[in-house]
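J.: Any chance you can model this:
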Amino acid sequence: MQAATRDNPEPRRPQVLVVDDDPDIAALLSRYLGGQGLQVRVAADGAQLRAAMAPLDFDVVLLDLGLPDEDGLGLMRELRTAWDGPVIIVSGRGESVERVVGLELGADDYVSKPFDLRELLARIRSVLRRIPPTPTPPMDGTPYAFDGMRLDIASRQLRGRDGEDVELTSGEFEMLQALLGQAPRVLSRDALMNAVHGRDCGPFDRSVDMQIGRLRRKIERDPAKPRLIKAVRGIGYVFAGKVERG
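T.: Here you go, the predicted structure:
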């Protein structure tokens, strides 16, 4: 990943909170998921989970039910009262009753130990793709400025680096506005499709990727080596450049 600079800050990687008291499993997940573009934090018990719940700045929780001196299902219930993001139960308890109760309490998925790392990663990416973007603050007409360009919300016009207008289709404008409004948050392909067309992507729908390609050709200095709109493998896209309002 390209190093962060003042004008090209590091994009925010999806945050995974691993709640597990086994240090070996926590270290394994930190190494593997960290190498796949995710940022991992670890909570070894219920107290550390509650401390992490204060800012609620994570994107997905991997929750082990077998924590010491804690009822895992009780923690699942407690977590769900404070946060509505995706939770994947990762547990050595394979009883069908606990699986059903965990899902009924609001877990999005259940993975039994021992697990395959690639399958777990696929499940994490699946729930991340379903996360709707954080609502963009109401538009006040203030333009976005980035990398020598300027997007005017009121007129729906993009001013290029040379001062000339850059023609955008309606879909390209909506997609660029969504990326700028959420930067440096990663947006899934479903979220971008919803921003442009009001619907999710189908499993073989590549229209978002095609639209991103056209948008890159209009705003990147070198579309073959994009620095502004970056792909996040298995999840979606992020606007990685510095964004200012005004």
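J.: residue ranges of the helices in the protein, please?
T.: 23-34, 46-52, 72-82, 96-104, 117-129, 170-182, 189-197, 207-219 (DSSP state H).
J.: got a markdown table for those helices, with mean neighbour count, distance to residue 146 and mean pLDDT too?
T.: Where C-beta positions appear, they are placed from N, C-alpha and C, glycine not excepted. Formatted as a markdown table, the helices of the chain follow (neighbours: other C-beta atoms under 10 Å; distance: least, C-beta to C-beta, whole Å; pLDDT from 0 to 100):
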| stretch | mean neighbour count | distance to residue 146 | mean pLDDT |
| --- | --- | --- | --- |
| helix 23-34 | 15 | 28 | 95 |
| helix 46-52 | 16 | 32 | 89 |
| helix 72-82 | 17 | 35 | 86 |
| helix 96-104 | 14 | 42 | 79 |
| helix 117-129 | 16 | 25 | 89 |
| helix 170-182 | 20 | 7 | 90 |
| helix 189-197 | 21 | 17 | 77 |
| helix 207-219 | 17 | 8 | 91 |
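J.: out of the ones you listed, which comes closest to residue 143?
T.: Distance to residue 143, taken as C-beta to C-beta, is lowest for helix 170-182 among the helices of the chain, at 9.9 Å.
J.: which secondary structure elements does that closest one contact?
T.: The contact analysis (3 or more C-beta pairs under 8 Å, 6 or more residues apart in numbering; DSSP states H and E) places helix 170-182 against strand 144-146, strand 149-152, helix 189-197, helix 207-219, strand 236-239.
J.: Make JSON lines from these and add distance to residue 175 to it.
T.: Shown next, in JSON lines, are the helices and strands packed on helix 170-182 (distance: least, C-beta to C-beta, whole Å):
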{"stretch": "strand 144-146", "distance to residue 175": "13"}
{"stretch": "strand 149-152", "distance to residue 175": "11"}
{"stretch": "helix 189-197", "distance to residue 175": "5"}
{"stretch": "helix 207-219", "distance to residue 175": "6"}
{"stretch": "strand 236-239", "distance to residue 175": "9"}
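J.: I am finished for the moment; much appreciated.
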